[in-house]
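A.B. asks: Provided below are the primary sequence and the corresponding predicted coordinates.
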Amino acid sequence: MEKQMMEVFMERMQQEKMRKLNNYRQQNAYIQKGKTLFTGSSLMENFPITEYCLNEGLPVAYNRGIGGYTTDEFLESIDAMLLDPQPAKLFINIGTNDLRALPNGEDWFCHLSANYRRICEIIREKLPDTMIYMMAYYPVNTAALAAQGYPGPMVRTNENIARANRMVEGLAAEYGFHYIDVNDGLKDEKGELKAEHTQDGIHFDAAGYRTVFDRLRQYL
């Protein structure tokens with residue numbers, strides 16, 4: 001019964017991802033080219049960056065995030081998620097959903113590194129004049145994750161996130177992009193996502209996003 005419920009849940013999640021992707025494809029026909037684009041998974045999708053920029057009198061910024069997206073899915077839909085808007089500035093945060101146990105014992109870090117490198121290659125080839133900001137992955141709160149009954153071995157730890165961030169920073173330097181870490185205001189004294197900002201240990205509240213925005217302002 002649990003297996004059937006999980007299969008139904010996963011099918012509905014995939015349908016929702018496709019719905020959002022199709023909406024982005026349609027929206028891309030009407031947006032202004034040469035603006036600022038934020039793209040990634042749920043932590044980007046939930047970022048009210050368009051509203052913040054509008055309220056602060058900053059240049060137009062579009063959001064192309066889809067919750068649950070991995071780098072595999074991002075590569076499959078990179079036109080709608082990144083290339084079609086032809087941004088002048090790009091802020092990308094994709095790959096935290098790759099920090100998980102993979103089938104057949106595949107190493108998550110090697111998989112993430114190879115996919116992110118491919119994303120960088122595509123960006124450099126297709127958007128040579130775009131200013132690229134590769135954002136550090138956000139911290140998690142491991143106690144909140146454990147309380148949620150996180151399934152399987154814990155891969156999405158702050159130690160692994162730090163390792164992944166070093167990889168992202170290295171790719172940014174290699175490809176001539178910018179690496180930015182705007183997470184200091186989100187962390188507690190242990191380097192974890194502050195408990196007051198999260199319920200599930202991964203996603204954070206409006207106050208957390210405002211903290212991120214205030215530190216991003218200098219790049220906008």
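C.D. replies: Ah, there it is.
A.B. asks: Could I get the CA-only coordinates of stretch 88-95 as CSV?
C.D. replies: Extracted C-alpha coordinates of stretch 88-95, given in CSV (Å, rounded to 0.1, in the frame of the first residue of the first chain):
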residue,chain,number,x,y,z
ALA,A,88,21.9,39.7,-19.5
LYS,A,89,22.5,38.5,-15.9
LEU,A,90,21.9,34.9,-14.7
PHE,A,91,21.7,33.7,-11.1
ILE,A,92,21.7,29.9,-10.9
ASN,A,93,21.2,27.6,-7.9
ILE,A,94,20.6,24.0,-9.1
GLY,A,95,21.7,20.7,-7.7
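A.B. asks: Now do the buried residues in it.
C.D. replies: Lys89, Leu90, Phe91, Ile92, Asn93, Ile94, Gly95 (16 or more other CB atoms under 10 Å). Every C-beta, even on glycine, is put in place using the N, C-alpha and C of the backbone.
A.B. asks: again, but for stretch 201-216
C.D. replies: For stretch 201-216, by 16+ other CB under 10 Å, it's Gly201, Ile202, His203, Phe204, Gly208, Tyr209, Thr211, Val212, Phe213, Arg215, Leu216.
A.B. asks: any idea how far Gly208 is from the second one?
C.D. replies: When CB to CB, to the nearest Å is the yardstick, Ile202 and Gly208 sit 11 Å from each other.
A.B. asks: residues bridging contact with those two, i.e. touching both?
C.D. replies: Applying CB atoms under 8 Å, 6 or more residues apart in numbering, one finds that Ile202 and Gly208 are jointly contacted by Leu193.
A.B. asks: can you confirm Thr39 is in a strand?
C.D. replies: Yes: assessed by DSSP: H, G, I helix; E, B strand; the rest coil, Thr39 belongs to a strand.
A.B. asks: Quick check: bridge partners of it?
C.D. replies: For Thr39, the beta-bridge assignment (DSSP bridges) gives partners Arg64, Ile92.
A.B. asks: how about it, what does it touch?
C.D. replies: Asn63, Arg64, Gly65, Met81, Leu82, Leu90, Phe91, Ile92, Asn93, Ile94.
A.B. asks: Next, count neighbours for the fourth one.
C.D. replies: The tally of other residues near Met81 (other CB atoms under 10 Å) stands at 27.
A.B. asks: That one reaches Ile66, doesn't it?
C.D. replies: Yes: here Met81 reaches Ile66: they are 7.4 Å apart, a contact under CB atoms under 8 Å.
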